[in-house]
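**Q** I need the structure of the sequence given here:
(3 chains)
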Amino acid sequence: MTIVADSFVVPERRGTAGRVSDFFWRHPHVLLAVLLGPPLIWLGIVYLGSLFALLLQSFFSIDEFSGLINYEFTLATYRQLLTEANLDIILRTVLMAALVTLASAVIAFPIAYYAARYARGKWKAVFYLAVMLPLWSSYLVKVYAWKLVLAKEGILTWFFAKLNLLWLLDAWLSLPIVGGNSLSISYTGTFIVFVYVWMPFMILPIQAALERVPATLIEASSDLGGTPAQTFRHVIFPLALPGIVAGSIFTFSLTLGDYIIPQIIGSSRLFIGQAVYAQQGTAGNIPLAAAFTVVPIVIMGAYLWMAKRMGAFDAL
Amino acid sequence: MRSEKSNRAPFGLKIAAAAGLAFMHLPILLIFLYAFTTEEKSYQFPPPGLTTQWFAVAWSRPDVWAALTLSVKVASIATAFALVLGTLCAAAVSQTRFFGRETISLLVILPIALPGIITGIALRSAFSIAEIPFSFWTIVLGHATFCIVVVYNNAVARFRRISGSLIEASMDLGADGFQTFRYVILPNIGTALLAGGMLAFALSFDEVIVTTFTAGQQSTLPIWMLEELIRPRQRPVTNVVAMVVVIVTFLPILGAYYLTRDGDQIAGASK
Amino acid sequence: MTTAVLFDNVSRHFGAIRAVDRVNLAIAEGEFFAMLGPSGSGKTTCLRLLAGFEQPTGGHIEIFGETAEGVPPYRRSVNTVFQDYALFPHLSILENVAYGLMVKGIGREERRKAAEDALAMVKLPGYGGRRPGQLSGGQRQRVALARALVNKPKVLLLDEPLGALDLKLREQMQEELKSLQKSLGITFVFVTHDQGEALSMADRLAVFNDGRIQQLGTPEEVYNRPRTRFVADFVGSSNVLSAKLCQALGLNAAFASLRPEAVAIAPPMNGALSLSGTVASHSFLGATNRIVVDVGVDGARIAVASPAARGAPAIGSPVTLSFAAHDLHPMEDA
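**A** I've put the predicted structure just below:
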């Protein structure tokens, strides 16, 4: 023990590092600025700036003859957005997103419930990985896998044939709207792939919400005479709802903006994402593309506001 | 009696959960089967025969290698950016109190909360307004933007677990800010950063939506796959590549899981 | 005697909250000083002001004659034993103890020896290779102590260091801390909410409430002559006699404290004061019975600590209380 401090204040020994450290300690706001500066420049200026510039362009219009952007404030592009054909696209996309969200919740709930309530120890880890791996695996590979599954000569047709149920498949495909020439070019196919790709995002928030329900609460309900169905209806489901809403933020938002799935598996009718892609690409109408992106932003804004009021953010 | 009863799952629940998990996994397993099929022209099931010849074919394809190399490069550099920016942001949010902290969290999450097409098209139009030509760096910029949140989430969760008094203890014992960072903070958040970095890598490696807007003529592996999906040229090669992509993304996810399993779960719910 | 710590009208306000409000205090070198008070009374903030984790919003702090404001924690020759011990989970016990020496640039061999000596001093020789997670609460507490003391601080700060230990261990550590402090001669500033701990260990103590010092003095002074009603209640659960009751006893009309041990259930002798009343309740406390007597003036009740051997009178029975006038201590405020 050789350190014998003669003075209460230990002298500076570390040169520049020590002096810089002292400076930051005396001026914590400078330190905060140094920490926050780079990410804020990146996200706040580059990213938000880009978003803002895009939204601004929705108030410009395109000159129909020259195809050049007319940089004057106008609502003409929004009038163009609200034509019947475009409203059709919006309605179709929102309806699809809602159905996908509903189906995702139905499929995800039992998995989340089992993982939260019954899986213990090693099984808990297995469940977690079994959810995480598909969640994180490549989006395109997942879409591609369904192209294999839904192909006319693929496994699904083979499976139906083995069960002698091909007539059922054909009957379904002959239905209006949901049907089509084959599953891979029908709304049914688009729907299945959407559910497949976005459903995993629903599981973990529901599981997190359910794990916060103490087991004693369920015992209390049955102790008070509640049947399992009543317990589920009046205790478990209301408490899991914030988790479902939190998960639905992802399934809804991601379906709303997707343009690749309906392009690869689906009928030729457009979704919002495809419309945006087509407008900015081949049509070169950036203002209309920008106006189209406002639609999911507004819908998601309203959705997030509602979710926040329901306390769904605590389940994220 | 009751506790025993409530510890056993109802049969219906077991079936529903098992069916749900099967729905999630079977299509991916199918990819592995198709990588070995002898059928070239269609997606015939069951495969007429099995072969490993497509691995050799894929191996000798320069376009696959070029796309793979580009993807690895983009993912590495985007991850590096995301690590620095996400850690800085997490440190600021969890170690200091300032007005607007909530807003920062929202700002970080925004690039993945909004549909990818919006991020993509916004960046694309910004590049064209600023007259920045598309390049390797425009792809990296787009990827880093949405990778920050993964690192941030992991780092924030770990920062929360370091008790505030550890940092105070270090300073109390005579360590200045840099020494405290090096000897106390870094060792404690290291595995969380590694996990976040791995997830960011996986996220960047298979991102396609933003990339289609921020890449010029270059094609990353997902772009290559997308082209194959829209206009199939050689299906067996695509099958092999799909299988390789599955494996390449699984490894960092498993790694991230093992690095963070003692504590909080990896912040994967908000990919 | 050198003044180790000086608080000159020190305040620490967080917005409208006055965590510490105009505190004046002088602690002598080598003193074992306790800061006693309920949670939120400002005692911990005072400790943090000394460690340098907080800066005063008003007033002036000196440590060994040098200004403390603006000196970062890592430049203060002051070390802290944290309430949760704050051992570094990623370092071994030896590395934990040697941490302060390591960041000061002391050579590896020298700091290993110093850390081993410090561990031996807290009776944990040979524990250096373990991890904090492998030690019990009491052992972690000793490591935290060794980690602070190895730096030979001019002042050692202890923030509720015994709070997490069970009773037996706490009593043992109290004695060890006391003798360690005496042998090292380092100034200890000890924060606690446990009045028994403060009374038994400290040379002097300050009782805190609402950010202010209520009373400063030796344990005997504070216990026997509580200056305010808060101190009387918080330290040793004295009886507080209202002004009206004092008047009824023929004394000045002022609040006064009376310790339960100073009261006897017996007729008054040679000029002692007396009150009569009925027994409201009694409880057995081991060596003594605590008997609460309703004296019928102002609704006042007086607790009596009576030797258990004497037994307890039945509830409702009339009794006479007697006590000496000099045991009745007038207090400053209500």
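
**Q** C-alpha only now, for contacts and for neighbours.
**A** Will do.

**Q** and residue C:92, what is it in contact with?
**A** Contact analysis of residue C:92 by Cα atoms under 8 Å, 6 or more residues apart in numbering or on different chains lists C:128-132.

**Q** any idea how far the closest residue to it other than its chain neighbours is from residue C:88?
**A** The shortest distance from residue C:92 to any non-neighbouring residue, by Cα to Cα, 6 or more residues apart in numbering or on different chains, is to residue C:131 (4.7 Å). Per Cα to Cα, to the nearest Å, residue C:131 is found 9 Å from residue C:88.

**Q** next: residue B:250.
**A** When distance is defined by Cα to Cα, residue B:250 is 33 Å away from residue C:88.

**Q** please apply the same query to residue A:185.
**A** Applying Cα to Cα, the value for residue A:185 to residue C:88 is 60 Å.

**Q** next one: residue B:233
**A** Counting by Cα to Cα, the gap between residue B:233 and residue C:88 amounts to 58 Å.

**Q** now the contacts of residue C:92 in a markdown table, with pLDDT, neighbour count and distance to residue C:65?
**A** Rendered in a markdown table, the data for the contacts of residue C:92 read as follows (pLDDT from 0 to 100; neighbours: other Cα atoms under 10 Å in any protein chain shown; distance: Cα to Cα, whole Å):
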| residue | pLDDT | neighbour count | distance to residue C:65 |
| --- | --- | --- | --- |
| C:128 | 84 | 20 | 37 |
| C:129 | 87 | 11 | 40 |
| C:130 | 89 | 14 | 40 |
| C:131 | 89 | 19 | 39 |
| C:132 | 88 | 22 | 37 |
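
**Q** so which of those comes closest to chain A?
**A** Here the nearest of those to chain A, counting by Cα to the nearest Cα, is residue C:128; it sits at 16.6 Å.

**Q** what distance do you get for the closest one to residue A:260?
**A** Distance from residue C:128 to residue A:260, counting by Cα to Cα: 60 Å.

**Q** same deal with residue A:238?
**A** 35 Å.

**Q** the more surrounded of residue B:250 and residue C:88?
**A** Using other Cα atoms under 10 Å in any protein chain shown as the criterion, residue B:250 and residue C:88 rank with residue C:88 on top: 26 against 20.

**Q** before we move on, what SS does that one have?
**A** Three-state call for residue C:88 (DSSP: H, G, I helix; E, B strand; the rest coil): coil.

**Q** now residue A:150: closest residue in space, sequence neighbours ignored.
**A** residue A:184 (5.4 Å).

**Q** pLDDT wise, what is the one you found at?
**A** Residue A:184 is assigned a pLDDT of 81 by the prediction.

**Q** pretty sure it is in contact with residue A:144, am I right?
**A** No. At 11.2 Å, residue A:184 does not count as touching residue A:144 under the criterion of Cα atoms under 8 Å.

**Q** give me the below-cutoff pLDDT ranges for the chain.
**A** All of this is about chain A. Within chain A, the segments meeting pLDDT under 70 span A:1-6, A:311-316.

**Q** wrong one, I was asking about chain C
**A** In the predicted model of chain C, residues C:1, C:333-334 satisfy pLDDT under 70.

**Q** count the neighbours of the closest residue to chain C within chain B for me.
**A** Closest residue of chain B to chain C, Cα to the nearest Cα: residue B:174 (3.9 Å). Using other Cα under 10 Å, residue B:174 has 27 neighbouring residues.

**Q** just residue C:326 next, same as before
**A** 11.

**Q** same check, this time on residue B:29
**A** Applying other Cα under 10 Å, we find 13 residues neighbouring residue B:29.

**Q** residue C:172 too?
**A** Residues within reach of residue C:172, counting by other Cα under 10 Å, total 10.

**Q** what's the answer for residue C:210, then?
**A** 18.

**Q** can you pull out the strands in the stretch 1-150 of chain C?
**A** Assigned by DSSP state E, counting those that start in this stretch, the strands in the stretch 1-150 of chain C fall at C:3-14, C:17-28, C:32-36, C:58-63, C:66-67, C:78-81.
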